[in-house]
Each structure stands twice: as C-alpha cells, then as structure tokens.
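# fold the stuff below for me.
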Amino acid sequence: MDRESLSSRLGFILLSAGCAIGLGNVWRFPFITGAYGGAAFVLIYLAFLILMGLPIMVMEFSVGRASQKSAGKSMDVLEPPGTSWHLYKWAALIGCTTLMMFYTTVSGWICNYFVKMLKGDFVGLTPDQIGAAFGGMVSDPTQQIIYMVLMTLIGFGICYFGVEKGVERVTKPMMICLFFLIFALAMRSCTLDGSLEGLRYYLLPDFDRLFKAGIGEVIFAAMGQAFFTLSLGVGALAIFGSYIGKDRSLTGEAIWVIVLDTFIALMAGLIIFPACSAFGINQAAGPVLLFITLPNVFTAMGNGQFWGALFFLFMLFAALSTIIAVFENIIAICIDMFNMQRNNAIRILAPLLIVLSLPCVFGFNIWSGFQPMGAGSCVLDLEDFIVSNNILPLGSLLYLLFCTQKKGWGWDKFIKEANDGKGLLFPEGTKAYLTYILPLLILAIYVQGYISIFFK
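Numbering: from 1, shown residues only. Here you go, the predicted structure:
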C-alpha cells in the first residue's frame, strides 16, 4: 500500500499547528500569563518554548519522516536490533485514545454553545441564569452524548477521505478561518470602552506579580506550559512528519508551528482580558471562563449574539483541528500496527471512541459520586492526569533519549534527518544539552506535576 502524503508545505505546517493549537492553551495560557506577571512571564515562557519544545518537536518530525511510519511502527523501523523502543507504540495509542476520551466531550460543549449563541439562547439572561445553563448542560447526559457523538463523527468522517483529500483539504481552510476569526475578535475586544485596563494587566511586565507568585513556581509554570501546549510525546506530530518529503529541513518547519501556536495563545488573551475589563467581570480560568464568564460578556456587548457566535466558532475550529489531527494519528497507528485498511479502522474506531468517551460524560452526572483525584474531581480529571502528567512528559523523554542515545536511533542519524533539505539547520552544538540537561528538566516537570496535585 503506497504511503499517503500531504500536497503542500503549507498543509504540513497548518495541520501540525492545528494539532498543537487546542482548547487548553486558548483558555489557560492567558490566565497564567496574567497571574505571573504579563509580558514578564511571556519572555520566560518563550525561552522554554525554544529550549524544550522546539528540540522535541524536531525529533518527533524526524522520527516520523525517517521511518515513513506512524508511532505504531516508527521505532520498530529505526531502533537497533534487540532493543525495546518499539514498545512505546502502546503508550502512543493509549495516550491519544485517552486524550480523545475527554476531548470530544469538551469539544461537544463548545459545539453546543456555538449553537446556543447562534440561536440567541443567552439573550436577556441574567448572569445567574447563564451559570445555570452550563450546570444544566453538564448534568444532562443525553445532551452531552449528542454533541460528543457529533464531534466524533465529524472528525472520523473527515479522516475517512484520507490525508490529502480529507484531513488536509478541510484543515487548511479551517485553520486560515481560525486566524481571521481570532484577529477580528481581538480587534473588537481591544476597541471596547474600558478595555485598556485589561490590556495593561495582560501585556505590561509586572515583576511584582512575578516575584509575589515565587520565581520557582513561575519557572515551573512556564516550563510546563511550553511543554504541554505543543502536544508532544504521543506521536501526534510525528505522523505528519511521515507525510512530507525531504525538500525542507525540519527545524524551520517546527519554528513555524510554534509561532502559530504562540500567536493563537497570545491573541486569545487579547480577546479575554480587554472584554472582561470592559464589562467589569472577574476573569476566571477553566470552564467558568469559557462557559459562564464569556457568555456574560457577550450578552452585555453590542451585537453580542454575533460576536459570541464568532467566538465559539473560533473555539470549535481550534477543538476540531486537534480532534482531526489526533484521530488521524490513531488511525495511522492502527493501520501500521494491525495492517488495517483506513475505512475498516474507522468503522471500528468511531463506535469504540464513542463508548470510551461515555465515562467522561457520566462523570458530570450519574457517576458524579466517583471522585478519583480527590474531593470535587471527576473522570475527566483522571483522564487528563493520565495524559498530561504521565504520557506526554514520559513520551517526550523517550523521544529525546531515542534520538540522542547510541542504543537508540542515535544523534548522528537524527541530525542527518533533521537537517536534510533546504532551510534552518538544527544546531549540532546542542548535543550535550539535549543528552544530559533536557532529560533532567523533563523529569523535573514530571515530578512537579505530581507534587502540585498530591502534595498541596
């Protein structure tokens, strides 16, 4: 069976960026930026993005392109005889599947709110009534299941048509629309009366806030955000490396993906902070921000129904781009591991993912008594912990070791693949840093993740 491929460099960059750009960094990044000193935090974050995120992204792309396989077979192809790197394929499959077990549910919430905004369901409601609408949605399993299934079927439906005719053809225009949407929303938010205070809070360096939070906590927050925002460690980016040719070196391509991901995160803050400031609404992170705070902002804004619908359309595109990218990775892993045809893999995976997503849905209602991470937690928290605090950092560490150790693929083969083609070259002088220092930083993030959850 011939290897599928992308038709253009733009398709590769936008698909990879679509995988990295997701709901978490859109609503989480602006608020940790605000809490930890605005632009002062951004500078620290950007430094770690280059020091940590960029090398591992280049490694994922390189492993994918050199093997011409997904994470299901890439290390089988490249590993030295007698080694066990290929066992990682199971972590990649489990990680991507677990991620989609809760991501499709949250994306369903976004789709639900887009429909509500379009219909004008929030027009005339009080803040308490808007808050109650979110509680009513998550307490209703039927409503959640309908939208979760819809998002799952849309994602697999696009992947059904293949890499070029399905995934690339849909994702490219969707990502371009996403950039136009967020620009329009940011312009509208920044021109609201009273928005200036929010812009100051977000964009001006505030070292008092930075030092008040504690420099150690700020550094770990910057390291963690730089690490997790790019969806590294589960092979979700490596798959797109396997779909491109060798005409371009991979460092420049990875930088483009990081720039687009960071641009979206920064622009999200330009929507949220000025708008909340303009209407005197407290900024809050997580679901409260997205599903309670911002609908209140839009109901108070002129033409709020229109701008609210545009915002949730933007969020829907961000969510769907990640779903398509990760679904494509899961499909490709199954094709490589089990020698399946694409259409047969999708016929099995689509109903399986729907069934596996039900615990997340039920965790907010009929299984709400199950609190696996402590009081107030739910199934989603457990699934997120498995992926974000375990598989992502450990998977990234494995890619790092695979590309630097003699008993793995090895530094020389990695550098040759990364620098094959025109464009920016990966600096060979970073070998000692990547071999000895970066693994310790990743382990520090891994340990800190456990400390922040279980020892605070």
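# quick one, what contacts His86?
For His86, the contact set (C-beta atoms under 8 Å, 6 or more residues apart in numbering) comprises 73, 75-76, 79. The way it works is simple: take the backbone N, C-alpha and C, and place the C-beta from them, glycine included.
# nearest to Gly120 among those residues?
The shortest gap between Gly120 and any of the contacts of His86 belongs to Lys73, at 50.0 Å (C-beta to C-beta).
# contact partners for the closest one?
Neighbouring residues of Lys73 by C-beta under 8 Å, 6+ apart: 67, 86, 89, 336-337.
# of those, buried ones?
Among these, those buried by neighbour count (16 or more other C-beta atoms under 10 Å) are 67, 89, 336-337.
# how about stretch 203-217: buried residues?
Buried residues in stretch 203-217, counted by 16+ other C-beta under 10 Å: 203, 206, 209-210, 213.
# check which helix or strand covers Phe122.
Using DSSP states H and E, Phe122 falls within no helix or strand.
# correct me, but it touches Pro295?
Yes. Between Phe122 and Pro295 a contact is recorded at 5.2 Å, counting by C-beta atoms under 8 Å.
# quickly list what's touching both of the two.
130, 133, 308.
# among the residues you listed, which one has the most neighbours?
Among the shared contacts of Phe122 and Pro295, Gly308 has the most neighbours (other C-beta atoms under 10 Å), with 25 neighbours.
# leaving out the residues flanking it, which one is nearest to that residue?
Of all residues not flanking Gly308 in the chain, Phe298 sits nearest, at 3.4 Å (C-beta to C-beta, 6 or more residues apart in numbering).
# could you count how many residues lie near Gly374?
Neighbour tally, Gly374, other C-beta under 10 Å: 9.
# surely Asn112 meets Asp140?
No. Applying C-beta under 8 Å, one finds Asn112 not in contact with Asp140, separated by 10.1 Å.
# who has more neighbours out of these two?
More crowded of Asn112 and Asp140, by other C-beta under 10 Å: Asn112, with 23 against 14.
# helices along the stretch 301-450 of the chain, start to end?
For the stretch 301-450 of the chain, the helices defined by DSSP state H, counting those that start in this stretch occupy 304-338, 342-362, 379-386, 392-404, 411-418, 431-432, 438-454.
# need those helices in JSON lines (columns: distance to Val163).
What follows is these, written out as JSON lines (distance: least, C-beta to C-beta, whole Å):
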{"stretch": "helix 304-338", "distance to Val163": "7"}
{"stretch": "helix 342-362", "distance to Val163": "9"}
{"stretch": "helix 379-386", "distance to Val163": "28"}
{"stretch": "helix 392-404", "distance to Val163": "22"}
{"stretch": "helix 411-418", "distance to Val163": "21"}
{"stretch": "helix 431-432", "distance to Val163": "33"}
{"stretch": "helix 438-454", "distance to Val163": "30"}
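# what's the closest of these to Pro372?
Among the helices of the stretch 301-450 of the chain, the nearest to Pro372 by C-beta to C-beta is helix 379-386 (4.3 Å).
# now that closest one against helix 392-404, angle please.
Angle between the axes of helix 379-386 and helix 392-404 is 20 degrees (criterion: axes from the mean of the first three to the mean of the last three C-alpha atoms, to 10 degrees).
# pLDDT on helix 379-386, on average?
The predicted model assigns helix 379-386 a mean pLDDT of 94.
# tell me what it is packed against?
When contacts are defined as 3 or more C-beta pairs under 8 Å, 6 or more residues apart in numbering; DSSP states H and E, helix 379-386 packs onto helix 88-119, helix 342-362.
# which of the ones you listed sits closest to Gly423?
With C-beta to C-beta, the closest approach to Gly423 among the helices and strands packed on helix 379-386 belongs to helix 88-119: 27.1 Å.
# helix or strand right after the lowest-mean-pLDDT helix or strand in the chain?
The helix or strand of the chain with the poorest confidence is helix 287-288; it has a mean of 69 (mean pLDDT, DSSP states H and E). The helix or strand immediately downstream of helix 287-288 is helix 294-300, counting by DSSP H and E.
# got the buried residues for that following helix?
Buried residues in helix 294-300, counted by 16+ other C-beta under 10 Å: 294-299.
# any chance of CSV for these, columns pLDDT and distance to Glu253?
Listed next are the buried residues of helix 294-300 as CSV, based on pLDDT from 0 to 100; distance: C-beta to C-beta, whole Å:
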residue, pLDDT, distance to Glu253
Leu294, 85, 33
Pro295, 91, 38
Asn296, 86, 40
Val297, 87, 37
Phe298, 90, 37
Thr299, 87, 42
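# quick check, nearest of the residues you listed to Met148?
Using C-beta to C-beta, Pro295 comes nearest to Met148 of the buried residues of helix 294-300, at 20.4 Å.
# do I have it right that the closest one meets Val123?
No. Using C-beta under 8 Å as the test, Pro295 is too far from Val123 to be in contact (10.4 Å).
# what about this structure, any weak spots by pLDDT?
Applying pLDDT under 70 to the chain picks out residues 1-3, 283-287, 456.
# picking that back up, let me know the closest of the buried residues of helix 294-300 to Met267.
Leu294 (14.8 Å).
# still on that earlier bit, highest neighbour count among the contacts of His86?
Met75 leads the contacts of His86 on contacts (other C-beta under 10 Å) with 26 neighbours.
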